[in-house]
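>>> From the sequence below, what's the structure:
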Amino acid sequence: MPREIRESRHRSVRYALLAVGWLSVALGVIGIFLPVLPTTPFLLLAAACFVRSSRRFYLWLVMHPHLGPWIRDYLDGQGIPRKAKVYALSLMWASIAFSCYLVPMFWARTFMLTSAVLVSIYILRQKTLPNP
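I've put the predicted structure just below:
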(Lines give C-alpha, C1' and ligand atoms only; values in the text may rest on other atoms or scores of the structure.)
Protein backbone atom coordinates (compact mmCIF):
# COMPACT_ATOMS: atom_id res chain seq x y z
CA MET A 1 0.00 0.00 0.00
CA PRO A 2 1.28 3.48 -0.66
CA ARG A 3 2.48 5.30 2.41
CA GLU A 4 0.64 8.47 1.47
CA ILE A 5 -2.79 8.73 -0.10
CA ARG A 6 -2.94 11.90 -2.20
CA GLU A 7 -6.35 12.79 -3.50
CA SER A 8 -6.68 14.91 -6.61
CA ARG A 9 -7.47 18.58 -5.95
CA HIS A 10 -9.87 18.83 -8.89
CA ARG A 11 -13.43 17.82 -8.08
CA SER A 12 -14.20 16.69 -11.65
CA VAL A 13 -11.08 14.50 -11.72
CA ARG A 14 -12.05 12.92 -8.38
CA TYR A 15 -15.56 12.13 -9.64
CA ALA A 16 -14.21 10.64 -12.87
CA LEU A 17 -11.73 8.51 -10.91
CA LEU A 18 -14.48 7.40 -8.53
CA ALA A 19 -16.65 6.35 -11.48
CA VAL A 20 -13.83 4.39 -13.11
CA GLY A 21 -12.90 2.92 -9.73
CA TRP A 22 -16.42 1.64 -9.00
CA LEU A 23 -16.80 0.32 -12.55
CA SER A 24 -13.51 -1.53 -12.07
CA VAL A 25 -14.69 -2.97 -8.75
CA ALA A 26 -17.88 -4.18 -10.43
CA LEU A 27 -15.96 -5.78 -13.31
CA GLY A 28 -13.50 -7.32 -10.85
CA VAL A 29 -16.32 -8.89 -8.84
CA ILE A 30 -17.94 -10.19 -12.03
CA GLY A 31 -14.51 -11.58 -12.99
CA ILE A 32 -14.51 -13.75 -9.87
CA PHE A 33 -17.42 -15.70 -11.39
CA LEU A 34 -16.70 -15.39 -15.13
CA PRO A 35 -13.50 -17.12 -16.24
CA VAL A 36 -12.95 -14.82 -19.24
CA LEU A 37 -12.88 -11.61 -17.17
CA PRO A 38 -9.74 -11.07 -15.09
CA THR A 39 -10.30 -10.00 -11.48
CA THR A 40 -6.95 -8.72 -10.25
CA PRO A 41 -6.25 -6.11 -12.98
CA PHE A 42 -9.66 -4.53 -12.44
CA LEU A 43 -9.19 -4.43 -8.67
CA LEU A 44 -5.71 -2.93 -9.09
CA LEU A 45 -7.17 -0.29 -11.40
CA ALA A 46 -9.88 0.42 -8.82
CA ALA A 47 -7.24 0.80 -6.10
CA ALA A 48 -5.25 3.19 -8.32
CA CYS A 49 -8.38 5.27 -8.98
CA PHE A 50 -9.44 5.31 -5.35
CA VAL A 51 -5.99 6.28 -4.06
CA ARG A 52 -6.32 9.51 -6.08
CA SER A 53 -10.01 10.12 -5.39
CA SER A 54 -11.14 8.75 -2.02
CA ARG A 55 -9.10 7.62 0.96
CA ARG A 56 -12.20 5.97 2.44
CA PHE A 57 -12.93 3.83 -0.64
CA TYR A 58 -9.25 2.94 -1.12
CA LEU A 59 -8.96 1.67 2.45
CA TRP A 60 -12.30 -0.12 2.13
CA LEU A 61 -11.10 -1.95 -1.01
CA VAL A 62 -7.65 -2.87 0.27
CA MET A 63 -8.96 -4.01 3.67
CA HIS A 64 -12.05 -5.79 2.31
CA PRO A 65 -12.08 -9.41 3.57
CA HIS A 66 -12.85 -10.88 0.13
CA LEU A 67 -11.49 -8.35 -2.38
CA GLY A 68 -8.46 -7.11 -0.43
CA PRO A 69 -6.38 -10.30 -0.64
CA TRP A 70 -6.54 -10.18 -4.45
CA ILE A 71 -4.52 -6.96 -4.43
CA ARG A 72 -2.88 -6.56 -1.02
CA ASP A 73 0.03 -8.91 -1.67
CA TYR A 74 0.75 -7.22 -4.99
CA LEU A 75 0.56 -3.72 -3.51
CA ASP A 76 2.83 -4.76 -0.63
CA GLY A 77 5.39 -6.05 -3.14
CA GLN A 78 5.07 -9.66 -1.99
CA GLY A 79 4.17 -11.02 -5.40
CA ILE A 80 1.46 -12.83 -7.31
CA PRO A 81 0.22 -16.38 -6.61
CA ARG A 82 1.41 -18.96 -9.15
CA LYS A 83 -2.21 -19.89 -9.95
CA ALA A 84 -3.00 -16.25 -10.77
CA LYS A 85 0.04 -15.99 -13.04
CA VAL A 86 -0.87 -19.14 -14.95
CA TYR A 87 -4.52 -18.05 -15.20
CA ALA A 88 -3.66 -14.55 -16.39
CA LEU A 89 -1.10 -15.69 -18.96
CA SER A 90 -3.29 -18.49 -20.29
CA LEU A 91 -6.35 -16.30 -20.75
CA MET A 92 -4.34 -13.44 -22.18
CA TRP A 93 -2.61 -15.61 -24.79
CA ALA A 94 -5.84 -17.41 -25.69
CA SER A 95 -7.65 -14.11 -26.23
CA ILE A 96 -4.71 -12.64 -28.18
CA ALA A 97 -4.52 -15.72 -30.40
CA PHE A 98 -8.27 -15.55 -31.07
CA SER A 99 -8.04 -11.80 -31.75
CA CYS A 100 -5.15 -12.31 -34.17
CA TYR A 101 -7.24 -14.93 -35.95
CA LEU A 102 -10.17 -12.52 -36.29
CA VAL A 103 -8.19 -9.39 -37.21
CA PRO A 104 -6.47 -9.65 -40.61
CA MET A 105 -4.44 -6.42 -40.35
CA PHE A 106 -0.72 -7.04 -39.90
CA TRP A 107 -0.12 -3.87 -37.85
CA ALA A 108 -2.93 -4.80 -35.42
CA ARG A 109 -1.58 -8.34 -34.99
CA THR A 110 1.89 -6.95 -34.41
CA PHE A 111 0.59 -4.53 -31.77
CA MET A 112 -1.41 -7.25 -29.99
CA LEU A 113 1.48 -9.73 -29.99
CA THR A 114 3.97 -7.10 -28.82
CA SER A 115 1.63 -6.08 -26.01
CA ALA A 116 1.13 -9.72 -24.99
CA VAL A 117 4.88 -10.36 -24.91
CA LEU A 118 5.55 -7.26 -22.80
CA VAL A 119 2.73 -8.05 -20.36
CA SER A 120 3.95 -11.65 -20.12
CA ILE A 121 7.46 -10.49 -19.29
CA TYR A 122 6.08 -8.15 -16.63
CA ILE A 123 3.97 -10.86 -15.02
CA LEU A 124 6.76 -13.44 -15.11
CA ARG A 125 9.23 -11.02 -13.51
CA GLN A 126 6.95 -10.44 -10.51
CA LYS A 127 7.66 -12.45 -7.39
CA THR A 128 5.68 -15.64 -7.07
CA LEU A 129 3.83 -16.16 -3.81
CA PRO A 130 4.19 -19.64 -2.33
CA ASN A 131 1.08 -21.80 -2.27
CA PRO A 132 -0.88 -21.50 0.99
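>>> Can you name the next helix or strand after whichever helix in the chain runs longest?
Longest helix of the chain, by residue count under DSSP state H: helix 11-33. Downstream of helix 11-33, the next assigned helix or strand under DSSP states H and E is helix 40-53.
>>> Please list all residues in contact with Leu61.
25, 43, 46-47, 50, 67-68, 71 (C-beta atoms under 8 Å, 6 or more residues apart in numbering). C-beta here means a position set from N, CA and C on the backbone, and glycine is covered the same way.
>>> now those residues: which count as buried?
Neighbour-count burial (16 or more other C-beta atoms under 10 Å) is assigned, among those, to 25, 43, 46-47, 50, 67-68, 71.
>>> so which of those comes closest to Ser99?
Nearest to Ser99 out of these is Leu43 (C-beta to C-beta; 23.6 Å).
>>> Look up how far Phe111 lies from that closest one.
26 Å (C-beta to C-beta, to the nearest Å).
>>> For Leu102, state which of the buried ones among the contacts of Leu61 is nearest.
Leu43 (28.3 Å).
>>> Name the nearest residue to the closest one, ignoring sequence neighbours.
Nearest-residue entry for Leu43: Gly28, 4.2 Å, with adjacent residues in sequence omitted and distances by C-beta to C-beta, 6 or more residues apart in numbering.
>>> go on, Gln126?
Ile80 (5.0 Å).
>>> check contacts around the most centrally placed residue in the chain.
What sits nearest the mean C-alpha location of the chain, by C-alpha atoms, centre = their mean, is Pro41, with 1.1 Å. Neighbouring residues of Pro41 by C-beta under 8 Å, 6+ apart: Ala88.
>>> Equivalent analysis for Lys127, please.
77-80.
>>> JSON lines for these, including secondary structure, neighbour count and distance to Ser90?
Converted to JSON lines, these look like this (DSSP: H, G, I helix; E, B strand; the rest coil; neighbours: other C-beta atoms under 10 Å; distance: C-beta to C-beta, whole Å):
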{"residue": "Gly77", "secondary structure": "coil", "neighbour count": "9", "distance to Ser90": "24"}
{"residue": "Gln78", "secondary structure": "coil", "neighbour count": "13", "distance to Ser90": "22"}
{"residue": "Gly79", "secondary structure": "coil", "neighbour count": "15", "distance to Ser90": "18"}
{"residue": "Ile80", "secondary structure": "strand", "neighbour count": "17", "distance to Ser90": "14"}
